[in-house]
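>>> Next comes the sequence, and after it the predicted model I'd like to discuss.
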Number of protein chains: 2
Amino acid sequence: MPLPARPCILYHIGMKVSDIGEFGLIHRLHRQIDARGLPQPGADGLRFPLRVGIGDDAAAWETSAATELLTTDTMVEGVHFTRKPTRFGRPLTTWREVGWKAMASNLSDIAAMGGVPHYALITLGLPQNEDVESIDELYHGLLDACEAYGAAIIGGDIVGSPVFFITVALTGVTGSPLLLRNTARPGDQVAVTGTLGGAEGGLRMLLEGLAFDEATTTALLQAHLHRQPRVPEGRVLAANGVRCAMDVSDGLVDDLGKLCLASRVAARVFAHRLPLHPALRAAFPGQETALALRSGEEYELLFAASPAIMARVCPLLPAGATVVGEIVAGEPGGVSVEDERGRPVQVAKGGWDHLRP
Amino acid sequence: MPLPARPCILYHIGMKVSDIGEFGLIHRLHRQIDARGLPQPGADGLRFPLRVGIGDDAAAWETSAATELLTTDTMVEGVHFTRKPTRFGRPLTTWREVGWKAMASNLSDIAAMGGVPHYALITLGLPQNEDVESIDELYHGLLDACEAYGAAIIGGDIVGSPVFFITVALTGVTGSPLLLRNTARPGDQVAVTGTLGGAEGGLRMLLEGLAFDEATTTALLQAHLHRQPRVPEGRVLAANGVRCAMDVSDGLVDDLGKLCLASRVAARVFAHRLPLHPALRAAFPGQETALALRSGEEYELLFAASPAIMARVCPLLPAGATVVGEIVAGEPGGVSVEDERGRPVQVAKGGWDHLRP
């Protein structure tokens, strides 16, 4: 699902999408959509009121039965994954891992709204010379992830395409209040489930062909390619008074910036409190914090709540959670990172903009 | 949405997707999905029972509020459309027309279930050098179609891709019984809304640079590039006792074959009764019937019902409808076409299989 719109950007004729980037384009299209307005409910009473549109982890509407959610995420070969061989005698990503990840990123969006995932449609763009067995493996990965979280594939579309891509559209349901991005308030604490840095560490290991002991290698592979979306954790947060959350898909600092922008607040992050993935110390000594701050596709939940709620909810989370910062008044979207003595920590720009070179 | 599964096909190692084609692949993946089974409803009571899975125009599930629908369709540049210039001083498809068509094909799926379209997510795969203005135009087309049918764009995903593609996921709602593919019975009449042949005629005109008078040119362009999904007609059918329908997206004979296969019946089509698009006689004399039999992407509704229901419902349809054949017992999926004297009419294979050369 798209990310929150950025402040207005000036445009010129002949502009390419790479000139304004993913977020500039989303902002522009969002304005075009808003200019048309929402359709009026028909006399048939069949149209449900929209609760959350563009800018959160999933869209949401209210029916008399429940709050319903819908999200979509896409992976394109050569952009989001590659089957290039590695020194490990395996491709950088196997087809089964592509399937798991394609479903996991959508499950994570539903988790980040506090919902239960439900029904999925799968769209495949397939080159004619693709192996049937590859697609079988891909589906094993999709179905593994569905099975683990109670979702089901109920349809989709298969088209020819010069490049492989997969789009998943996933519904979700909840009876609890939603977890939104725009509900953080100064004085809230900021926490994150599980650990950070493993996804980026695993990717670097594969890309650079780094050799570690077997336990480290296994742990980093798992952290990069077989993430567990935090669906049970999202349910616990929503049921225990938390109202602000998103998933970590573009890196902690980047994503916290988006949450703060949506909430019109700023945040401080305490670098020494980050829950580091346990394999990082051995594999990337001295770089653990930098990795944890920028590692994307972690699918951990990042959430904000009052200290009282935080103290109550964190012990209830199956994956655990760690308070890593606080919400403050300030430039909307501003995130500062400091060390244990309050000195600023420079953060390498993580941030994925799919439309920029 | 995918089409009904075909009977079992044998597979061999090293097989390419082009060897088994779109329908062979869907059948194979369908079996893999079925082997895993549906998830059990959770104790939270949040999972809604599935009503229609793979194999109809859209998936459907039941809530206490309504029957909900979800479909998805994709267009890939160079596969489903091209912006090649034509002799008419315009590209084969403008961006606004791509937008209209991408939404219209999904609206048509919802119409073919008897539903009201509701919320859409848009996924764009964009090359970095794509013009921003092209995407603006694309969105104008998407929003034109949404506005015409009461749908709304509420989110999506934008990713980088070496080839342009657009995927729409669209929800729908209905309180009436569904229009399904597997409910035709011998003795039913077969009818189709509107007219046939214009979409293929318009495409041929553009591809071959054929010059006609202005009225014919305009009518064929409209028929090819600016189809009106039959949403009101689907509502009328569902509310008046029709239980079997699908939309004409791969050509009348092809699609009727799918409907018959799903219903385990056969059909006869009377070629002289086809409702021919009015521009065909002037533009393609002698070829009208052949065009009408195979023209795809017509987005007309093809439906089957008893003669009594048919007599009552056809006059109520805003786009009109014509009885073109009948359902008979016979080889499931078999469709024969005959002329006014009962002689067989040969049908050129239309049929779109996106994975075959």
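Alright, I've got the coordinates. Numbering: from 1, shown residues only, chains lettered A, B, ... in the order given.
>>> What segments of the stretch 201-350 of chain A are strands?
Across the stretch 201-350 of chain A, reading from the start of the chain, the strands by DSSP state E, counting those that start in this stretch fall at A:244-247, A:266-270, A:301-305, A:321-328, A:335-338.
>>> and those strands, which is most packed in?
When neighbours are counted by mean count of other CB atoms under 10 Å in any protein chain shown, the highest per-stretch mean among the strands of the stretch 201-350 of chain A falls to strand A:301-305, a mean of 29. The way it works is simple: take the backbone N, C-alpha and C, and place the C-beta from them, glycine included.
>>> by how many degrees do that strand and strand A:266-270 diverge?
Between strand A:301-305 and strand A:266-270, the angle comes out at 110 degrees (axes from the mean of the first three to the mean of the last three CA atoms, to 10 degrees).
>>> who touches strand A:301-305?
Around strand A:301-305, the neighbours that count as contacts under CB atoms under 8 Å, 6 or more residues apart in numbering or on different chains are A:111-112, A:179, A:183-185, A:188-193, A:230, A:233-234, A:237, A:241-248, A:252, A:255-256, A:259, A:263, A:313, A:321, A:327.
>>> same thing but 6 Å
Contacting residues not belonging to strand A:301-305 are listed as A:184, A:188, A:190-193, A:230, A:233, A:237, A:242, A:244-248, A:255, A:327 [CB atoms under 6 Å, 6 or more residues apart in numbering or on different chains].
>>> sorry, back to before: got a markdown table for the strands of the stretch 201-350 of chain A, with distance to A:Ala219 too?
Converted to a markdown table, these look like this (distance: least, CB to CB, whole Å):
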| stretch | distance to A:Ala219 |
| --- | --- |
| strand A:244-247 | 21 |
| strand A:266-270 | 24 |
| strand A:301-305 | 21 |
| strand A:321-328 | 18 |
| strand A:335-338 | 25 |
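>>> wait, A:Gly172 sits on A:Ala112?
No - with contacts defined as CB atoms under 6 Å, A:Gly172 does not count as touching A:Ala112, sitting 10.0 Å away.
>>> The two: which is more packed in?
Shown here are A:Gly172 and A:Ala112; by other CB atoms under 10 Å in any protein chain shown, A:Ala112 has more neighbours (35 against 29).
>>> Which one of the strands of the stretch 201-350 of chain A lies nearest to B:Gly150?
Shortest separation from B:Gly150 across these is recorded for strand A:244-247, at 30.6 Å, computed as CB to CB.
>>> What helices and strands are in contact with that closest one?
strand A:301-305 (3 or more CB pairs under 6 Å, 6 or more residues apart in numbering or on different chains; DSSP states H and E).
>>> Given the strand it packs on, what are its sheet partners and their directions?
Based on DSSP bridges, the pairing partners of strand A:301-305 within the sheet are strand A:189-193 (antiparallel), strand A:244-247 (antiparallel).
>>> could I get these as JSON lines with mean pLDDT?
Formatted as JSON lines, the entries for the strands paired with strand A:301-305 read as follows, by pLDDT from 0 to 100:
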{"stretch": "strand A:189-193", "mean pLDDT": "98"}
{"stretch": "strand A:244-247", "mean pLDDT": "98"}
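>>> Next to chain B in this structure, residues from the stretch 51-200 of chain A, please.
Taking CB under 6 Å from any CB of the partner chain as the criterion, the neighbours of chain B within the stretch 51-200 of chain A are A:53-54, A:59, A:63-65, A:72-74, A:76, A:79, A:116, A:118, A:121, A:123, A:126, A:128-130, A:132, A:139, A:143, A:150, A:152-155, A:157-163, A:167, A:169, A:173.
>>> Which ones among the residues you listed lie within strands?
Among those, the subset assigned to strands under DSSP state E consists of A:59, A:72-74, A:76, A:116, A:118, A:121, A:123, A:126, A:152-155, A:157-160, A:167, A:169, A:173.
>>> Export the longest helix anywhere in chain A to PDB, keeping only CA atoms.
When chain A is scanned for its longest helix (criterion: DSSP state H), the result is helix A:17-36. What follows is the C-alpha trace of helix A:17-36 in PDB, where atoms were taken according to Å, rounded to 0.1, in the frame of the first residue of the first chain:
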ATOM      1  CA  VAL A  17       8.500   9.700 -12.900                       C
ATOM      2  CA  SER A  18      12.100   9.400 -11.800                       C
ATOM      3  CA  ASP A  19      12.200  13.200 -11.400                       C
ATOM      4  CA  ILE A  20       9.500  13.200  -8.700                       C
ATOM      5  CA  GLY A  21      10.000   9.700  -7.300                       C
ATOM      6  CA  GLU A  22       7.500   7.300  -5.900                       C
ATOM      7  CA  PHE A  23       6.300   9.600  -3.100                       C
ATOM      8  CA  GLY A  24       5.900  12.700  -5.300                       C
ATOM      9  CA  LEU A  25       3.900  10.600  -7.800                       C
ATOM     10  CA  ILE A  26       1.700   9.200  -5.100                       C
ATOM     11  CA  HIS A  27       1.100  12.700  -3.800                       C
ATOM     12  CA  ARG A  28       0.200  13.900  -7.300                       C
ATOM     13  CA  LEU A  29      -2.200  11.000  -8.000                       C
ATOM     14  CA  HIS A  30      -3.800  11.300  -4.500                       C
ATOM     15  CA  ARG A  31      -4.700  15.000  -5.300                       C
ATOM     16  CA  GLN A  32      -6.200  13.900  -8.600                       C
ATOM     17  CA  ILE A  33      -8.300  11.200  -6.900                       C
ATOM     18  CA  ASP A  34      -9.400  13.700  -4.200                       C
ATOM     19  CA  ALA A  35     -10.500  16.200  -6.800                       C
ATOM     20  CA  ARG A  36     -13.100  13.700  -8.000                       C
END
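>>> for it, the distance to its chain's centre please.
20 Å (CA atoms, centre = their mean, to the nearest Å).
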